[in-house]
Structures are given as C-alpha cells and as structure tokens.
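any chance you can model this:
(one chain, ligands or ions: 2)
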Amino acid sequence: MSDAAIRTAVLGAQGRMGSEAVKAVENAQDMELVAALGRGDSLKKVLEAGATHIVDLTVPDVTEDNVRFAAENGLHAVVGTTGWDGERLARLEALLEQNPQVGVLIAPNFALGSVLASAFAAKAAQYFESAEIIELHHPGKVDAPSGTAARTAELMGQARREAGVGPSPDATQKDPGGARGAVVEDIHVHSVRLRGLVAHQEVLLGSAGEQLTFRHDSFDRASFMPGVLLGLRTAASRPGLTHGLDGYLDLGL
Ligand SMILES: NC(=O)C1=CN([C@@H]2O[C@H](COP(=O)(O)OP(=O)(O)OC[C@H]3O[C@@H](n4cnc5c(N)ncnc54)[C@H](OP(=O)(O)O)[C@@H]3O)[C@@H](O)[C@H]2O)C=CC1
Ligand SMILES: O=C(O)C1=N[C@H](C(=O)O)C[C@H](O)C1
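Residues are numbered from 1 along each chain as shown. Ligands and ions are numbered 1, 2, ... in the order given. Below you'll find the model as predicted:
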C-alpha cells in the first residue's frame, strides 16, 4: 500500500450496500479500509483511524449528520444514502463554503447504466407529451419513491419546464387510493416492491402513436461498486458539492 492510499471509512458497513463497499475498498490497490462503522459506533472512530474519505451507505435519518461531521473535519465524502432533498443539499452547500477544500459527492445511483439512463431520459423528456416513471426495488427498501426516481423526475421536469412543455395529459378525477402514484416535478412516479428484485427503473415517454422507454436493471449490488470507487478517486480533486455521479463523468449531453 502506498503512502498516498485513499484512507477510507465505510459507514453502514454491515448493510447490503456497505458490506459490498467494504469488499470493493479492500480489493482496490489504491485504497485502504481504515474503519467500518455500524449503527451505534461513534464517528470519532473515523478520526482515530486517520481516514481521509468516508463512504456513507446508512439511512436517510443519519446521513446528513455523518456528512456534516466529515466536512467539518476536512474529510471528503462519497454518499449513496437517499434522503437528500433540496433543503439538505442547500445546507450542505453552505457548510462546504465554510470548508472549501472538502469534496462531497451525493450520488442517487452509482451504477453507470442508471446514470446514463437518467441523463438520456432528461434529454428526451421535452420531446414527448407524456412522461412517467416506474421504479422497482427489493422489499427491504425503506423509502419510496427511490432517490434515483426522484432525481430522474427532477431532471426531466426541469428540462420540460425550460422547454415550455406542460404536465402530461391526464383525465383522472378520482384516485382515492393514490393509484396514480407520487408526483415529483409534475411527473408521476410509481414504486413497486417485489421479492427477488434489486434496483430497477423504467422511464416511459409517450406521444401520439409512439412510446420511448428507458429501462435500467441492477441485478446485483456489484453494479454500484465501480461508481463508489470512482467517487473515492475523484472527490478530493472536486471540492464543493457534486450532485450525481454524472458530475464526475464527461457525458457530453
Ligand atoms: N446510490 C446508490 O447507488 C445506492 C444507494 N442505496 C442507498 O443506500 C442506503 C443503504 O442501502 P442498503 O445498504 O440497502 O440499506 P441497509 O439497511 O442494508 O443498510 C444500512 C446500514 O446502515 C446502518 N446504520 C444505521 N444507522 C447508522 C449509523 N448511525 N451509523 C452507521 N451505520 C448505520 C444500518 O444498521 P442496522 O442494520 O443496525 O440498522 C444498516 O447496516 C439507502 O439509502 C439506499 O437507498 C442503495 C443502493 C445503491
Ligand atoms: O435502496 C436501494 O436498494 C437503492 N437505493 C437507491 C435509490 O433509492 O435510488 C439507488 C438504487 O436504486 C438502489
């Protein structure tokens, strides 16, 4: 291990994602796993271990405190945990202005295919009258809609608004059970929880006589690990807040 190894602490290390991230960091030549924290562990362990970076894969309730702790102590952070709404992101941006050397990546999805699918969907959304999202996940997931679906809807909604496209046509007048799903940026988002699934998303775009579908499937959490490692390798050279792994990629879209 070289002196310049990325000294990484994984938070949420016993979880579905955290345990994969522990293995990925351990197997990376240029990284050293210096701490693996679970619920109940003090964040002081991260400092005692001499970490330079954290990976946060915990739960929405604690992720903001973890990232604040990292930034205030000069550590770079790669964050996959969901729950980063506009208010939290604004607070984080303000905090990073006080800690300008720190780089934080908030990545709703680390899978390259998912990042691409969302970017393509955002690009295409303005050209279709109707747009809806279906996200499908394992039944152990605690939040709905998924962070990926919420972010995809934000990007699509923003692009549609800027292009002057109105809400999708919809004659629904009665929906007492919420069958039309959640609405994010005027886009309906439907959440499926099904044993056997990992993480999947379909963006449906429709106009008269045609449909365009962008579908991405993560069949295994291994799909997220190249993105986690890219985040760790890049965060220190990208001070401030980056929202979305696409910020570290040259997608040219
Ligand atoms: N960006 C991406 O590509 C991806 C993001 N995710 C997101 O990552 C997050 C984790 O997902 P997943 O691994 O499936 O969830 P899990 O529930 O399997 O893992 C979360 C882990 O965090 C632990 N934890 C809870 N509180 C703390 C704390 N204060 N400090 C340290 N650890 C804590 C939990 O411990 P305990 O079990 O004791 O509660 C649990 O082990 C979710 O928000 C999910 O949506 C998931 C997949 C991909
Ligand atoms: O909880 C999950 O599993 C996932 N969470 C993220 C999300 O909410 O978008 C990323 C991926 O979909 C898997």
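
got phi/psi on the closest residue to ligand 1 within the chain?
For the chain, the residue closest to ligand 1 is residue 15, as judged by CB to the nearest ligand atom, at 2.1 Å. Glycine gets a C-beta too; all of them are placed from N, C-alpha and C. For residue 15, the backbone dihedrals are phi -80, psi 180 (criterion: degrees, to the nearest 10).

show the pLDDT at it.
The predicted structure scores residue 15 at 98 on the pLDDT scale.

do residue 59 as well
Reading off the confidence values, residue 59 has pLDDT 98.

now swap in residue 2 and tell me
Model confidence at residue 2, expressed as pLDDT, equals 55.

kindly report the same for residue 211.
What the model reports for residue 211 is a pLDDT of 98.

give me the below-cutoff pLDDT ranges for the stretch 1-150 of the chain.
Applying pLDDT under 70 to the stretch 1-150 of the chain flags residues 1-3.

tell me where it has helices.
Taking DSSP state H, counting those that start in this stretch as the criterion, the stretch 1-150 of the chain contains helices spanning 16-27, 44-48, 60-72, 86-98, 112-124, 147-162.

so which bits of the last one are buried?
Residues 147-157, 159-160 are the ones in helix 147-162 that count as buried (16 or more other CB atoms under 10 Å).

Serialize these to JSON lines and add fields for distance to residue 34.
Below are the buried residues of helix 147-162 laid out as JSON lines (distance: CB to CB, whole Å):
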{"residue": "147", "distance to residue 34": "27"}
{"residue": "148", "distance to residue 34": "29"}
{"residue": "149", "distance to residue 34": "34"}
{"residue": "150", "distance to residue 34": "32"}
{"residue": "151", "distance to residue 34": "30"}
{"residue": "152", "distance to residue 34": "34"}
{"residue": "153", "distance to residue 34": "37"}
{"residue": "154", "distance to residue 34": "35"}
{"residue": "155", "distance to residue 34": "35"}
{"residue": "156", "distance to residue 34": "39"}
{"residue": "157", "distance to residue 34": "41"}
{"residue": "159", "distance to residue 34": "41"}
{"residue": "160", "distance to residue 34": "45"}
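
out of those residues, who's near ligand 1?
By CB under 6 Å from any ligand atom, the members of those lying near ligand 1 are residue 147.

what number of residues lie near residue 137?
A count of nearby residues for residue 137, using other CB atoms under 10 Å, gives 22.

next: the one 3 residues further on.
In terms of burial, residue 140 registers 9 neighbours under the definition other CB under 10 Å.

so how far is residue 162 from it?
Separation of residue 140 from residue 162 (CB to CB, to the nearest Å) stands at 37 Å.

which parts of the stretch 151-253 of the chain sit against ligand 1?
Of all the residues in the stretch 151-253 of the chain, those lying near ligand 1 are residue 224, going by CB under 6 Å from any ligand atom.

oh sorry, the question was meant for the stretch 1-150 of the chain
The stretch 1-150 of the chain has residues 11-12, 14-18, 37-39, 57-60, 62, 80-82, 107-110, 147 near ligand 1, with proximity defined as CB under 6 Å from any ligand atom.

show me how to select, in PyMOL, the buried members of those residues.
In PyMOL, the members of these classed as buried (16+ other CB under 10 Å) are selected with the following command:
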select buried, resi 11+12+15+17+18+37+57+58+59+62+80+81+82+107+108+109+110+147
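
against ligand 2, which of the residues of the stretch 1-150 of the chain next to ligand 1 make the cut? List them.
Taking CB under 6 Å from any ligand atom, the overlap between those and the neighbourhood of ligand 2 is 82, 108-109, 147.
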